[in-house]
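no sequence on this one, just coordinates:
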């Protein structure tokens with residue numbers, strides 16, 4: 001047991017070291033989320049009456065900010081896990097496979113590493129909130145950390161599952177176009193899911209990121225001076241039913257447990 005824990009730690013540490021050695025790329029990857037938040041948020045806030053009557057202080061930037069955090073976590077987690085493909089292509093994974101450790105430990109270490117770096121990425125975005133006019137209390141930020149890590153853990157698990165099915169880095173664009181971008185756009189990150197067509201609501205219902213966005217949105221909205229009416233108005237709704245924080249958390253936890261198990265099974269089949 002102690003041997004396996006040490007292996008998990010070493011694999012996790014390798015991911016952290018890899019992240020810090022490429023910190024310029026990590027920081028520059030925040031440019032696109034900031035552009036989404038500032039340009040898209042400001043443009044739509046100025047052109048549309050987004051908030052309900054009597055809630056003029058609540059604008060579109062406030063609404064999409066949790067979704068932008070989720071986007072950072074999604075992309076960082078999955079791309080972090082996809083480095084497994086690099087390891088396989090360049091032969092580094094063989095060192096792990098011949099080592100006297102279980103492949104499940106490799107999976108857990110990889111997932112923990114991806115989740116940690118994704119949480120750091122999202123935390124950097126939180127540091128920039130005063131510059132873009134978003135006010136979040138210190139207590140809310142503290143509560144956000146475990147929530148962001150949970151979402152990152154689930155998305156990193158999905159990334160490991162995808163990576164275990166890929167044999168070359170040429171598949172990366174496919175993952176980007178057919179998995180990550182649809183997950184982001186169908187999560188309710190950029191628009192409320194109230195009143196959307198049934199087919200769109202159905203797709204959102206089976207999107208795990210939908211529940212991750214809702215978790216972040218509930219934490220951020222509940223921690224600020226925002227009325228319950230606004231929170232209710234903009235909470236994620238599936239088929240007319242508003243998703244509470246507890247339901248979203250339960251669904252996402254279930255998703256994470258399932259995907260971690262599938263990742264371990266799939267990774268054990270890699271030759």
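All right, it came through fine. Predicted, not measured: the structure shown is a model, and the values here were computed from it.

Going by C-alpha atoms from here, please, whenever you check contacts or count neighbours.
OK.

what's the strand or helix carrying residue 19 in contact with?
Here residue 19, judged by DSSP states H and E, is contained in helix 2-21. Helix 2-21 is contacted by residues 26, 101-102, 105-106, 108-110, 112-114, 116-117 when judged by CA atoms under 8 Å, 6 or more residues apart in numbering.

one more time with 7 Å, if that's ok
Applying CA atoms under 7 Å, 6 or more residues apart in numbering, the contact partners of helix 2-21 are 101, 105-106, 108-110, 112-114, 117.

Residue 263: which of the residues you listed is nearest?
Among the contacts of helix 2-21, residue 108 lies closest to residue 263 (CA to CA), at 9.3 Å.

What residues sit buried inside the strand or helix carrying residue 221?
Assigned by DSSP H and E, residue 221 falls within helix 208-222. Buried residues in helix 208-222, counted by 16 or more other CA atoms under 10 Å: 208-221.

Also stretch 32-45?
By 16+ other CA under 10 Å, the buried positions in stretch 32-45 come out as 33-34, 36-37, 40-41, 45.

Switch those over to a markdown table; also include secondary structure.
Shown next, in a markdown table, are the buried residues of stretch 32-45 (DSSP: H, G, I helix; E, B strand; the rest coil):
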| residue | secondary structure |
| --- | --- |
| 33 | helix |
| 34 | helix |
| 36 | helix |
| 37 | helix |
| 40 | helix |
| 41 | helix |
| 45 | helix |
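
now, among the residues you listed, which is nearest to residue 264?
The shortest approach to residue 264 among these belongs to residue 33, at 31.3 Å (CA to CA).

State the distance from that closest one to residue 4.
As judged by CA to CA, to the nearest Å, residue 33 and residue 4 stand 37 Å apart.

do residue 69 as well
Distance of residue 69 to residue 4, computed by CA to CA: 33 Å.

cool, residue 177 as well?
36 Å.

And stretch 177-197, end to end?
Criterion CA to CA; first-to-last residue distance in stretch 177-197 is 23 Å.

Could you do stretch 186-199 as well?
End-to-end for stretch 186-199, by CA to CA: 11 Å.

buried residues in that stretch?
186-194.
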